[in-house]
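Trainee: I would like the atomic coordinates for the input below:
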Amino acid sequence: MLRFMRKRMKVILISVAAVFILTMFYGIGQFGLQGGFAGPSKAEGLARINGKDADIFRFNQIMGRLAAEQKDPLDPMSLLYLQNLALSQLIDFTIIAQEGSKKFGASGQEVDRAVEDIMKANNIPDRRTFEQVLKNQGFSMDNLKRMIREEIIVQKMTQHLYSGVTLTPDDLREVRARHILVKTEEEAQEVLKKAREGGDFAALAKEYSKDPGSASKGGDLGFFGKGAMVPQFEDAVFALKPGEISGPVKSDFGYHIIQMNESRLKEDADKEKILELKKSGVFERWFSGAKSKAKIEIKNPMLSAFNMMLKGDVKGASEGYKKAMKAQPESPYPHYFYGQLLAAKGDLPSAVQEYSKASGLASADPLLRLYIGQAYMSASAAVSGEAQQLYKSSALEEFERASALAGDNIEMREGLAEFFRKNNLSSLLSAENAKIRALKQRQKLEEDLKK
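Mentor: You can find the predicted model right below:
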């Protein structure tokens, strides 16, 4: 979790110029909700954070960067996952900006200097040209300046948090400790009494500890430094002297009884790295507190449903996909995703009904036809007899429609051929390769005629 948070912060704390360069190259709205399947394009249809509408422009900016980092084409489920990740990052950024705005601002001079930096980095000669570039992206100078102002506030907030962080002797040492984890304070007091009356700590850990990672080892956690444990545990263990045993220490995991066994200086300690880790820890503690108090409402039904599905809330996810169907009656995607959810539950007949509805709305989208066909194939593998033949037949129909809709797009056809090859669909593969050869021959003939 700590590693994930640090990675996420690296995403958030990008320089203003670098962020907008990526936005310009990959396009605002290209990967976002506008024209996509995740929901309405209005900001108020996305989410609200502490009563504030989510910024659709920043969402699209984050989504564009995340999508550009992907090497392979994204299937619908992967794209929805990416949108969910983009929304999560947007929510985190918004919380930091809101908290930062209580302490800091961004002057017009600071914003203008950032605009000039962006123009310089993109070789844009003047403001008029820049405004036209923004307009072509469905953007405006006012939107840009607002986003820059938020970026500056976020940077000031993090710098403020980091400014008081310094190395202490404890940061340069590591300790070896054992612990016993129990569920209740009453159990903790009982174990503590036995330990302080001379009981063997390792034996007590094997008998009472609920920590699956250390109980069998007598509670031994090995050597660790600052930042490796949750704050409550860390504060307690570093306050002990070798041989001492702590009182019950409460954390999100339960109640700990800790015995500190040994303390030593770290060998070849990298002070700069240790300081950076300590800064990250300070930020994580602050941000965790700020987010726990934030009121977050995901309003987009598709993203809300997907978020619930990730949390294991099947009922909530089902209701969310049904809301998405009502919000987007002409979109095939809520039906496709709801079908995937039903299939995961084992309700194949209902899932196939949703795939059929998705197919009826898919119109001229060859990729979606391919994925619907793939869903039918997966369903056919889980049944037998007449149902299996029916699902296979539906899958082949979708694959054939995908091929028919690919037209003269050789890249699309090569993708279809690769899919057919991987899934051992030899007759479809043979037909697709024939179409690819014919297209290439026609292209060559047209080039020769031009010459």
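Trainee: now what about stretch 312-320, what contacts it?
Mentor: Applying CB atoms under 8 Å, 6 or more residues apart in numbering, the contact partners of stretch 312-320 are 301, 302, 304, 305, 306, 308, 309, 338, 341, 345. All C-beta spots, glycine's among them, are computed from the backbone N, C-alpha and C.
Trainee: at 7 Å what do you get?
Mentor: For stretch 312-320, contacts defined as CB atoms under 7 Å, 6 or more residues apart in numbering pick out 301, 304, 305, 308, 309, 341, 345.
Trainee: Report the buried members of those residues.
Mentor: Among those, those scoring as buried are 301, 304, 305, 308, 309, 341 (criterion: 16 or more other CB atoms under 10 Å).
Trainee: okay, the residues you listed in TSV with distance to residue 210 and secondary structure next?
Mentor: What follows is the buried ones among the contacts of stretch 312-320, written out as TSV (distance: CB to CB, whole Å; DSSP: H, G, I helix; E, B strand; the rest coil):
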residue	distance to residue 210	secondary structure
301	39	helix
304	34	helix
305	34	helix
308	29	helix
309	29	helix
341	34	helix
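Trainee: Break the chain into its domains for me.
Mentor: According to automatic domain parsing, the chain comprises the domains 2-163, 169-267, 313-406.
Trainee: In CSV: these, plus mean pLDDT and distance to residue 448.
Mentor: Formatted as CSV, the domains of the chain follow (pLDDT from 0 to 100; distance: least, CB to CB, whole Å):
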stretch, mean pLDDT, distance to residue 448
domain 2-163, 75, 32
domain 169-267, 93, 66
domain 313-406, 92, 24
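Trainee: Go through these and name the closest to residue 426.
Mentor: With CB to CB, the closest approach to residue 426 among those belongs to domain 313-406: 12.4 Å.
Trainee: measure the closest one end to end?
Mentor: 37 Å (CA to CA, to the nearest Å).
Trainee: in stretch 152-161, what's buried?
Mentor: Quick answer for stretch 152-161 (16+ other CB under 10 Å): 152, 153, 154, 155, 156, 157, 158, 161.
Trainee: For the nearest residue to the second one once chain neighbours are set aside, grab the count of nearby residues.
Mentor: Counting by CB to CB, 6 or more residues apart in numbering, the nearest residue to residue 153 once its immediate chain neighbours are dropped is residue 100, at 4.3 Å. Residue 100 sits with 22 neighbouring residues when counted by other CB atoms under 10 Å.
Trainee: Where does residue 100 fall, secondary structure wise?
Mentor: Under the criterion of DSSP states H and E, residue 100 resides in helix 76-101.
Trainee: buried residues in that helix?
Mentor: Judged by neighbour count using 16+ other CB under 10 Å, the buried positions of helix 76-101 are 76, 79-80, 82-84, 86-101.
Trainee: name the helices or strands packed onto it?
Mentor: Helix 76-101 sits against helix 2-12, strand 47-49, helix 56-68, helix 141-163, helix 271-293, helix 301-310, helix 333-345, with contacts defined as 3 or more CB pairs under 7 Å, 6 or more residues apart in numbering; DSSP states H and E.
Trainee: The same query, at a cut-off of 6 Å, please.
Mentor: Packing contacts for helix 76-101, counted by 3 or more CB pairs under 6 Å, 6 or more residues apart in numbering; DSSP states H and E, involve helix 56-68, helix 141-163, helix 271-293, helix 301-310.
Trainee: ok, residue 361 to residue 333 distance?
Mentor: Distance of residue 361 to residue 333, computed by CB to CB, to the nearest Å: 9 Å.
Trainee: These two: which is more packed in?
Mentor: Taking neighbours as other CB under 10 Å, residue 361 and residue 333 compare with residue 333 leading, 24 against 17.
Trainee: now that one: how far from residue 77?
Mentor: 10 Å.
Trainee: For the closest residue to residue 408 other than its chain neighbours, identify the helix or strand it belongs to.
Mentor: Nearest non-adjacent residue to residue 408, counting by CB to CB, 6+ apart: residue 439, 6.0 Å away. Assigned by DSSP H and E, residue 439 belongs to helix 426-450.
Trainee: Output the contacting helices and strands for that helix.
Mentor: Contacts defined by 3+ CB pairs under 6 Å, 6+ apart place helix 426-450 against helix 410-422.
Trainee: So what's the gap between the helix it packs on and the chain middle?
Mentor: Relative to its parent chain, helix 410-422 has a centroid offset of 29 Å by CA atoms, centre = their mean, to the nearest Å.
Trainee: May I see the buried residues of that helix?
Mentor: Neighbour-count burial for helix 410-422, counted by 16+ other CB under 10 Å, picks out 412, 413, 415, 416, 417, 419, 420.
Trainee: ok, now stretch 124-136?
Mentor: Buried positions in stretch 124-136, judged by neighbour count with 16+ other CB under 10 Å: 124, 130, 134.
Trainee: can you check stretch 170-190 too?
Mentor: Buried, per 16+ other CB under 10 Å, within stretch 170-190: 171, 173-182, 187-188.
Trainee: thinking again about what came up before, make JSON lines out of the buried ones among the contacts of stretch 312-320 and add distance to residue 52.
Mentor: Compiled in JSON lines, the buried ones among the contacts of stretch 312-320 are given as follows (distance: CB to CB, whole Å):
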{"residue": "301", "distance to residue 52": "20"}
{"residue": "304", "distance to residue 52": "18"}
{"residue": "305", "distance to residue 52": "23"}
{"residue": "308", "distance to residue 52": "23"}
{"residue": "309", "distance to residue 52": "26"}
{"residue": "341", "distance to residue 52": "31"}
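Trainee: Now do the same contact list for residue 75.
Mentor: By CB atoms under 6 Å, 6 or more residues apart in numbering, residue 75 lies in contact with residue 371.
Trainee: any idea how far residue 342 is from it?
Mentor: Taken as CB to CB, the span from residue 75 to residue 342 is 18 Å.
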